[in-house]
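# Below is the sequence, then the predicted model.
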Amino acid sequence: MGKAIQFFKDAYFELTKVTWLSRKEVVSTTIVVVVFVIIMSIFVGFVDMILSGTLGVILNLR
């Protein structure tokens, strides 16, 4: 039990050393991530559509 308590004390002490981002930085980086995910989703969907169509053409020729 003593090791667990010491672990949480050490963890808390380390968290006091952390430099946390400001609210503005968190919001701006979240927006960047959301926009990037949307763009990548559209790209992957487009590539999937092209590859599915190509595979359909190849399989229908047999």
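Nice, I can see it.
# the helices in the protein, which residues?
With DSSP state H, the ranges of helices along the chain come out as 2-16, 23-60.
# What separation do you get for the residue nearest to the spatial centre of the chain and Val18?
Nearest to the mean C-alpha position of the chain, by C-alpha atoms, centre = their mean, lies Val33 at 7.3 Å. Counting by C-beta to C-beta, to the nearest Å, the gap from Val33 to Val18 is 20 Å. C-beta coordinates here come from the backbone N, C-alpha and C atoms, glycine included.
# cool, and Leu61?
60 Å.
# Could you do Val44 as well?
Distance from Val44 to Val18, by C-beta to C-beta: 34 Å.
# Looking at these two, which is more packed in?
Val44 (10 against 7; other C-beta atoms under 10 Å).
# if I look at that one, how far off is Val37?
On the measure of C-beta to C-beta, Val44 and Val37 end up 10 Å apart.
# what does Leu59 give?
Taking C-beta to C-beta, one finds Leu59 at 32 Å from Val37.
# quick revisit: now mean pLDDT too, for the helices of the chain, in JSON lines please.
What follows is the helices of the chain, written out as JSON lines (pLDDT from 0 to 100):
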{"stretch": "helix 2-16", "mean pLDDT": "93"}
{"stretch": "helix 23-60", "mean pLDDT": "96"}
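# how deep is Asp10 tucked in, by neighbour count?
Neighbours of Asp10 (other C-beta under 10 Å): 10.
# Next: the one 10 residues further on.
Residues lying near Trp20 (other C-beta under 10 Å) number 8.
# List the residues that contact it.
Not one residue lies near Trp20 by C-beta atoms under 8 Å, 6 or more residues apart in numbering.
# quick thing: my sequence starts at 8, can you match it?
Noted, 8 is the first residue going forward, which turns the last one into Trp27.
# Just read off the phi/psi values of it.
phi -80, psi 150 (degrees, to the nearest 10).
# Can you read off the pLDDT for it?
We have a pLDDT of 90 for Trp27.
# Good, wrapping up.
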